[in-house]
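>>> Quick one, fold the following:
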Amino acid sequence: MTIIYALLIICVLIFFHELGHFMAAKACGVKVNEFAIGMGPKVLKKQKGETLYSVRAFPLGGFCAMEGEDEDSQDERAFNRKSVWKKAIIIVAGAAMNLIIAIILMIAVNYMNGVPTTTISQVEENSPAYTAGIQKGDKILSINDKKINSWDDVQAVKNAVNTRELNIKVQRKGTELNIKTTLKENDRNKIIGIVPVSEKNIVKAIANGPSATWNMAKSMYSGLYSLITGKVSAKELSGPVGIVYLINKGISRGFATVLYLTSLISLNLAIINMLPLPALDGGRLLMVIIRRLTGKAISSKVEGVIHAVGLGLLLLLTIYVTWNDIVRFIVPIFK
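Predicted coordinates:
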């Protein structure tokens, strides 16, 4: 059943991604030949006007096939005949839609779980905070002289510091106290050992949605940087099997956790898709810019070949990360 939930989540997120491209293409006057969800042979199809709408056999992927996207077309409404700005808008629209979905889901999660405040509701036993004497009810004012206005600030400062030593200023029953503690690191996570008080407030949930999404994005970019610089092994990458594993764990923890994971996956789709690599939206945007700067030195046909090669490499990467996921998550079950 978990696999069905995971496929449903992925399909919905891909649908909205392609819908972003589709809506932008229509708004920019580009002819869309086919709007498809899934890959492989067609299972369902319906022609409506100039566009064929289809559902395909394999529910991983999808596409919005535009006239003149990967070939030179003389049609006035072809993608290749539009201005650079219209092309850029259409390309970025898919990732933008995933970003919007991620923010909306984070707002929902914040409302369901409550927005974390800077007041402490729990101190974990034997944690750095417990040892240092931080107590339930303490309100965090600053960490290492950096003012704290929200729980996001706590997380940001904690993750940004280059030292394990923290000087935490708290307010306790009207009195300000300076407490020194030492971070504990566990599986690359920096741990203080405190849990914040959460407030269920729709206004704060809406206000906190974009900032919470931004913090997730910063963590993802940090992870990508660590991967590129070799600080993190490629074996840490996860694919479809890893997503199913996470969703399975999320289901046991409640609906809010599933929404959080869906937001995380949606944001991941947005960020990965905008990387300047062939076959990805970022690679297509890069090609548009290069062709603009070089006076169309790269033909649509050559660009199509480049993206096809990139797609093949991405499929190989998918096979690699899927195998790693099986070794990490599936094999241990049978030991």
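>>> Might you list the low-confidence residue ranges for the stretch 201-335 of the chain?
232, 234, 240-241, 296-297, 331, 333-335 (pLDDT under 70).
>>> ranges for the strands of it?
With DSSP state E, counting those that start in this stretch, there are no strands along the stretch 201-335 of the chain.
>>> just the stretch 1-150 of the chain next, same as before
Under DSSP E, counting those that start in this stretch, the stretch 1-150 of the chain gives strands at 32-48, 51-66, 115-123, 139-143, 146-147.
>>> How far off centre is the last one?
Mean-position distance between strand 146-147 and its chain equals 28 Å (CA atoms, centre = their mean, to the nearest Å).
>>> mind listing what the closest residue to residue 111 other than its chain neighbours touches?
Nearest residue to residue 111, sequence neighbours excluded (CB to CB, 6 or more residues apart in numbering): residue 205, at 3.9 Å. C-beta coordinates here come from the backbone N, C-alpha and C atoms, glycine included. Counting by CB atoms under 8 Å, 6 or more residues apart in numbering, residue 205 touches 107-108, 110-111, 115.
>>> Repeat that for residue 134.
120, 123, 168, 170, 179, 181, 194.
>>> nearest to residue 235, of those?
Set against residue 235, the nearest of those by CB to CB is residue 194 (31.9 Å).
>>> what number of residues lie near the closest one?
Residue 194: 23 surrounding residues under other CB atoms under 10 Å.
>>> do residue 71 as well
Neighbour count for residue 71, taken as other CB under 10 Å: 14.
>>> Quick check: phi and psi at it.
Torsion angles at residue 71 (phi, psi; degrees, to the nearest 10) stand at phi -150, psi 160.
>>> heads up, I number from 22, so please use that
In the new count, where the first residue is 22, that last one comes out as residue 92.
>>> How confident was the prediction at it?
If you check residue 92, the pLDDT there is 78.
>>> what's the answer for residue 188, then?
90.
>>> From residue 316, how far out is it?
As judged by CB to CB, to the nearest Å, residue 188 and residue 316 stand 58 Å apart.
>>> In the protein, what residue spans correspond to helices?
23-48, 105-134, 149-153, 172-181, 223-249, 261-274, 276-294, 302-315, 321-346 (DSSP state H).
>>> Now render these as a markdown table, adding distance to residue 93.
Shown next, in a markdown table, are the helices of the chain (distance: least, CB to CB, whole Å):
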| stretch | distance to residue 93 |
| --- | --- |
| helix 23-48 | 18 |
| helix 105-134 | 14 |
| helix 149-153 | 62 |
| helix 172-181 | 48 |
| helix 223-249 | 34 |
| helix 261-274 | 35 |
| helix 276-294 | 25 |
| helix 302-315 | 12 |
| helix 321-346 | 5 |
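>>> what's the closest of these to residue 91?
Going by CB to CB, the one of the helices of the chain nearest residue 91 is helix 321-346, 3.7 Å.
>>> what helices or strands is the closest one leaning on?
On a contact count with 3 or more CB pairs under 8 Å, 6 or more residues apart in numbering; DSSP states H and E, helix 321-346 meets helix 261-274, helix 302-315.
>>> among those, which is nearest residue 79?
helix 261-274 (11.1 Å).
>>> Can you give me the buried ones in that closest one?
Across helix 261-274, burial judged by 16 or more other CB atoms under 10 Å covers 261-268, 271-272.
>>> Taking helix 321-346 as reference, get the angle to it.
60 degrees (axes from the mean of the first three to the mean of the last three CA atoms, to 10 degrees).
>>> Having no further points to raise, I will conclude here.
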